[in-house]
Each structure stands twice: as C-alpha cells, then as structure tokens.
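Engineer: Give the three-dimensional model of this entry:
(chains A, B and C)
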Amino acid sequence: MPELPVITLLSDFGTSDYFVGAVKGAILSRNSQVTLVDITHDVPPQDIESGAFTLFAAYRSFPPGTIHLAVVDPGVGSERRAIVVHAGGHLFVGPDNGLFTFIYESEDDARVFEIDKQKYLVDSGSSSFHGRDLFGPVAAILSTGVEPETVGPEISDPVRLRPLKPEVDGNGTVRGRILQIDRFGNCITNITKDLAPSEVTIKDRRITQFRTFFAEAKQEELFVIWGSAGFLEIAIQNGSAAEELGVAAGDDVLCVLSASLR
Amino acid sequence: MPELPVITLLSDFGTSDYFVGAVKGAILSRNSQVTLVDITHDVPPQDIESGAFTLFAAYRSFPPGTIHLAVVDPGVGSERRAIVVHAGGHLFVGPDNGLFTFIYESEDDARVFEIDKQKYLVDSGSSSFHGRDLFGPVAAILSTGVEPETVGPEISDPVRLRPLKPEVDGNGTVRGRILQIDRFGNCITNITKDLAPSEVTIKDRRITQFRTFFAEAKQEELFVIWGSAGFLEIAIQNGSAAEELGVAAGDDVLCVLSASLR
Amino acid sequence: MPELPVITLLSDFGTSDYFVGAVKGAILSRNSQVTLVDITHDVPPQDIESGAFTLFAAYRSFPPGTIHLAVVDPGVGSERRAIVVHAGGHLFVGPDNGLFTFIYESEDDARVFEIDKQKYLVDSGSSSFHGRDLFGPVAAILSTGVEPETVGPEISDPVRLRPLKPEVDGNGTVRGRILQIDRFGNCITNITKDLAPSEVTIKDRRITQFRTFFAEAKQEELFVIWGSAGFLEIAIQNGSAAEELGVAAGDDVLCVLSASLR
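Structural biologist: Numbers count the residues shown, from 1 in each chain, chains lettered A, B, ... in the order given. Below is the predicted model:
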C-alpha cells in the first residue's frame, strides 16, 4: 500500500469560521489520500513570531517528508512572496514574512523557492485567502511527489525575524526573551542548555531554583525547568507563572553565562 | 488502492465535551476507512443560520462525493425530520431545520430524502444525541457507497430559512445583512459582486472605500473588500470592524444597486 | 487493503500550543498509517476526574481495537507509573493516576500493564512531556499490532479515583454528584436509569419534571432528562442549568431510590 503523506496545518484562522475547512477541502480536492494534522489554528491574529515558534517547536516530531502548511499572513494579496522551504527533510509552504525564520536558523540545508503565483494561484475573485487559493493547492501538489524546485525560482533572501538565539554581551550577560506563554502559564524562553545558566532574572525577580519535573516543586514556588521544546521555562506548579510575574511574550529574561563558557 | 471517502463535520457541540469524539467513533465503527475533517464545532449553540452559512462557505472547496455531516439541532428528539441532501455532487446529512437552506439556494439539482428513523436510529436509551445515534451512522453508510435514495422517501418541502440573496426594492435599494462576524472582526455580508454597489451604509455610516487586499488599507480605515466567501465584507486592517461599528450577525447593511442594473 | 488503525487523543494540552501537534508527529513518525481522532484537548488543566469522565463517555462509540491515548498528567516526570490498559477490546495508554478509573469500573476484563520506561521513554532532555516522549510512541507501537503484554509487567493496583456509581444509604437516599457541565450548561450527573428516581434535589431545589427531549420542555423550565452518556442530566431548554442553579462539577445531587429497589 502506498503511504499516505502527512500535511500539517498551522494558522491564525481560529476554528470557528469556514477557513480551516476550506483549506482542507482545497487540499483534498487535489489529493484526497493524505493525512491532515492540525498543529494549531489559534496563533494570535497576525502574530508571525508566535506562529514561527509554535511551528518550530512541533515540526521536528514529524517524520521526514512531512509538508507543513503555515499561514499567518497579514500581507496576503500584497506583493509579499509565497514560498516553499525545503529543510531538514521537511517541506514548508506559506508566506515569505518570517514565519520560517527559526527553521532557517536550525536547519543548515534550508533552500527556499518562490512560488510562481501566475501558475499556482487559483482565481477565486478574492485576494484575501491564499491558504485556500494558493498554499493549500501547492501543499497538495507537493504531497503527490512533485519536487519543490518546480514551484518557482530559488531565492536567497527570505524575510527573517530576529533570531531565536539570545544575545550575549562582553560581560557574559545573556539577554533572552519570552517566546511564548503556554496554556498552563509557563513562560517558554529562548535560553538553551548550552548557556548553562545558574539563575535567571525577570522583571527584577531572581529565580534560582531549578527543577527537573513539575511535581517536584513546592506549592507556589517559582522555578525554572528545561522544557520540552528545548528551552528554559519559568513555571509554578499548579499555577500560572506568567500571571504571577505579570509578563508576556517578548519580555526580557536575563541570565549570566556560566564562567566556563565566557 | 481504493480511495478514502471524505466526511466533514460541522456542529455546535464545542470541542470540550465527548460529543465530537462520540460522533467520530460512531462513524469509524461503521466505516473506519474514511477521512474525517472538522469544518467547525463552534457554531454558536443552536444558531442554525450561522451553521448554515459556515457550511455553505466551506463545502464547495471539497471534492465531489464528499459527505457533509451537519448538526445544529435544537429540535433533536422531536418530530423534526432527519434528511440527506444530494446537491452539486455532494451529500449532506442532518436535521431538517433549515441548516441546508443555502445549499438548496445555490445548487439547482438539490434532492432531499427523509431518513427512515425506524430503520437507522440507534436506540441508545437517550433521544438527545442524533449526531451519534442517527446522522453519524447514516453518513458512514453513505460513505460505503450506498445511494442516498435508499435512506428514505424523497421530500419536496424541506424547511428553509430566509434566503441568502438580499432584497432589492423598486428604487434599487439593496437591503442586505451581516451573515457572520469572522475571527478577525470582519463583517461578512450577503451582498454579492453582481449587485455592483459603489458604497454601503451600516448603522448610518457610509463606507465608500473599496480595497482589494487587507494590507492595502490605511491604518484604522474602515473599508469594504470582496471576501473569500464571495461576499462583500466590511473590515479594518489589524482591527475588528464589528467592534468599531458595534454590529452583530443579522444587522442590516444597505447599498444602492448600480444604475445599470436597475 | 490493510485497515488503518484508530488512535484517539484526549488531554488537557489545549489547542493553542505545539503540544498536540508534537504528540501526533511522534505517533506518525512511528506509524504514519493510522487514523488520529481528537476526543478533546480542553480538559481543564490537571483535572483528572474530568478527563476520566470524557474518555469514559466517548470510548464506547469507537470500534474494538481502538487505541485511546489520554494525558492529564500533573505527575509527569515523577515516579508515577505509565500504563497500558486492555479492556473491553480497547487499549488505553497514559499515566497511572486514576484517568482510567471508569474504564476499570465498567469493563470486567480490564488488565493493566506498566510501561517499561527504560525501554520506551525517549530521552528528549526534558522530563515534562510524556505525551510526546512516551505515551505517543507506545500508542504508535501498539497500533502496529504489538501485544499490550509486551510493554511491561501486569499490575493489579492501578490508581483509582472515587467510583462513578453513587452511594446509596440505608434509607434509600442516593447521593450522586455532577460529573460534568457540558457546553450547553447541562449538568451531567452520575445517576443511572436503574436507580429509577422520580425526582432529584440539587442545592435545595427539587426537580420533578422528566422530559424525553429538549424541545419538549417549556421555556425556562428546569427539568431532568436521560442524557446521551447514560446518566441523568439537569437541563433548561435554550439555557444553562448550571448557571441557573449556580453549580459546578463535583456538587451533590440527591434522589430517592424507587421503593421497589430498596
């Protein structure tokens, strides 16, 4: 039996409107023999960086050959390019607005192709729904085995957001940030294990307690933990660290680089 | 390889309870070789017209042969009929309460069959969950290739809501309405391109600015755009037009028919 | 054609983060030829009893052989055991914290196996995401036909929450409870038909009106109905009984056992 290819979907469409259904219909109309998997459709409206992080944190769990359709697209209908990214054995389809920044950063072999809109954009009488009229159809075509090179010319200057990697200054101070607040109120930062911090500072509060799992912490204790996306997280057991700290995505998190790494 | 048939699901069940899982289980128990696609389960509770619009806006993106299971069903358990609609190459399964009004309006070949409850209703000891006990099973049976004619007698008087098409009076005034507020706060109206309006009036505010895509608009500018469902939408870039205008689904939207069309 | 096995997912992960996508990716990386079905991911954070009820109410609708992956797991990373349950022809995978209590209670043939973490836990550098790193992989392996006995030793003392069955005292008073408030505000109790109650008392309010379907009730009338999960529900047509009564999951619901049953 031929294998069913996997197409994931990530967007800021929400799940109350016809949008997600229409994108899936557009895919299934071109290749009905696929497995469709939602990563999320609840990216905050037009928050490209948030979408970029969620895609980054999820994609590596999928098998090579997976096609990731990602649409957070405030520039839809404008001159912004539409692209296919081939990286780490995965394919990514979406707008060229930085949504794939962290993929470029983590996969050395990333190649980016600009989708030929003349050839692939379906004329629906509207310019506002490329998920259905362009990206979905291209993802479906790729799922039939068409090579990414065929969608259009390779480009070398895709749009990038600020990188995932935090800045480290001459004194060994790491200026990180909160990438995302998760459902439980945990603050996912961009600080990684190789920086080997021994404490973090956020909103003038120093947190020194490291835990290896949530149930290990004391009630109401603010602690840090190496989280499942590979980053340091700030958490409270059975509570929202984000609420307790009054922080949001984008806020600074400082730590000091381990002396041995300076 | 035989193709996996597609069954879509639309309801007001929400996604927090066991309801959606149970409907899918009931389908898979009868035919596990199907592709299930959620359109939405967040139709406002018992809002048949909202469900009718979302189904209408999504179904045409799916391939012919798709089976659409739609359950917004305040009358469940009562004498209201259960039906299968065959229209435009698609099949629809659900209660006869107007949920398929816009399908009848847009597909000339619509035929409606009343499901024989004696034959198909599973006795679960409860009369309140026809999604699981009647519509799901019928959708599964249809997905095995059974003809819609076999579910029961054809009927000619299915329940209809008010039509999608707006009223036009003798003076060329088009009295449209807001069909839906989408996630982004855009107001989707029932005004179509063939009416060729040059401005719209809503809550005594005249909007004359037409845009072809969102990023084209000025910040905070209220504008109209031909939306992806084929209707005129009222929007603000990066904001909620519905909030700005203080409007809701059902509210009037007026425009004047282009002189050439009167 | 070989059949696609069915894996259901239930969790408290929400649907905004990368969690659900990552679990599905971990499954598909090991067996891409499965049908994945979400029961819900909106179990209130860390509410094991709520998750247990939703799983219980949904699983029987699925075909025998279905694998149910359930993760509400405040003790993740601790010494709490990870288990596979084989019961009623279904398989269940998740933490040993009571999440499968109602399965044990309703299926006489339940057998429980402790998953060998040494063998199956994927080392991701984090101890907080067993949905992706342990339970998903085990579910995928089971979906390839591996016997549940092979995941580890059988155990006889799985963790159990208080049972679903209400207490009945010597006077025939049944002390039940609200298991769940559903999306519509209906209060699902744990009172079953065999108790044959003729009225219920909740927060000092007596409700005597039984209805067989929702549309049968009078506007604003508080009534009881035998619900689709097999339990007595307290409801109001087109309104929220939970709000009207000011009750929540866990609250007492009293009734008197029919005289013939004492």
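Engineer: can we go C-alpha only for contacts and neighbour counts from here?
Structural biologist: OK.
Engineer: So in chain A, which strand runs the longest?
Structural biologist: strand A:173-181 (DSSP state E).
Engineer: List of residues touching that strand?
Structural biologist: A:50, A:53, A:165-168, A:187-191, A:242, A:248-257 (CA atoms under 8 Å, 6 or more residues apart in numbering or on different chains).
Engineer: The residues you listed in strands, which ones?
Structural biologist: Checking the contacts of strand A:173-181 against DSSP E, those in strands are A:167-168, A:187-189, A:252-256.
Engineer: Looking at those, state which has the most neighbours.
Structural biologist: Counting neighbours by other CA atoms under 10 Å in any protein chain shown, the top entry in the ones in strands among the contacts of strand A:173-181 is residue A:187, with 30 neighbours.
Engineer: tell me the contacts of it?
Structural biologist: With CA under 8 Å, 6+ apart, residue A:187 has these contacts: A:178-181, A:233-235, A:241-242, A:249.
Engineer: Next: residue A:172.
Structural biologist: Counted by CA under 8 Å, 6+ apart, residue A:172 has contacts A:256-259, A:262.
Engineer: Show the model's pLDDT score for the closest residue to chain C within the stretch 51-200 of chain A.
Structural biologist: In the stretch 51-200 of chain A, the residue that lies nearest chain C is residue A:62 (4.0 Å; CA to the nearest CA). Residue A:62 is assigned 98 on the pLDDT scale.
Engineer: Residues in contact with the helix or strand of chain A with the lowest mean pLDDT: which ones?
Structural biologist: When the helices and strands of chain A are scored by mean pLDDT, DSSP states H and E, strand A:167-168 comes last with a mean of 90. Outside strand A:167-168, the residues within contact range by CA under 8 Å, 6+ apart are A:174-176, A:257.
Engineer: make it 10 Å
Structural biologist: A:173-177, A:191, A:195, A:254-257, A:262 (CA atoms under 10 Å, 6 or more residues apart in numbering or on different chains).
Engineer: and of the residues you listed, the nearest to chain B?
Structural biologist: Nearest to chain B among these, with distances taken as CA to the nearest CA, is residue A:177, at 24.6 Å.
Engineer: any idea how far the nearest residue to that closest one once chain neighbours are set aside is from chain B?
Structural biologist: The shortest distance from residue A:177 to any non-neighbouring residue, by CA to CA, 6 or more residues apart in numbering or on different chains, is to residue A:252 (4.4 Å). Look at residue A:252 and chain B: by CA to the nearest CA, to the nearest Å, they are 25 Å apart.
Engineer: Residue A:202 is in contact with residue A:252, correct?
Structural biologist: Yes - assessed by CA atoms under 10 Å, residue A:252 is found in contact with residue A:202 at 6.6 Å.
Engineer: Would you map the helices across the stretch 151-262 of chain A?
Structural biologist: Counting by DSSP state H, counting those that start in this stretch, one finds helices in the stretch 151-262 of chain A at the ranges A:241-245.
Engineer: Which members of the ones in strands among the contacts of strand A:173-181 are the farthest-apart pair?
Structural biologist: Within those, A:168 and A:187 form the most distant pair, 20.2 Å apart (CA to CA).
Engineer: Out of the contacts of residue A:172, which one has the lowest pLDDT?
Structural biologist: Among the contacts of residue A:172, residue A:262 has the weakest pLDDT, 67.
Engineer: is stretch A:43-53 up against chain B anywhere?
Structural biologist: Yes - contact of stretch A:43-53 with chain B (CA under 10 Å from any CA of the partner chain) involves A:45-46.
Engineer: Give me the nearest residue to residue A:161, chain neighbours excluded.
Structural biologist: Here the residue nearest residue A:161, using CA to CA, 6+ apart, is residue A:98, at 5.3 Å.
Engineer: Checking the one you found next. Helix, strand or coil?
Structural biologist: coil (DSSP: H, G, I helix; E, B strand; the rest coil).
Engineer: near chain C, which residues of the stretch 151-262 of chain A?
Structural biologist: A:180-184, A:193, A:211-216, A:225-232, A:237-239.
Engineer: Please flag which of those residues sit within strands.
Structural biologist: Per DSSP E, these map to strands at A:180-181, A:211, A:225-226, A:232.
Engineer: Name the residue of the stretch 1-150 of chain A that lies nearest to chain B.
Structural biologist: residue A:25 (4.0 Å).
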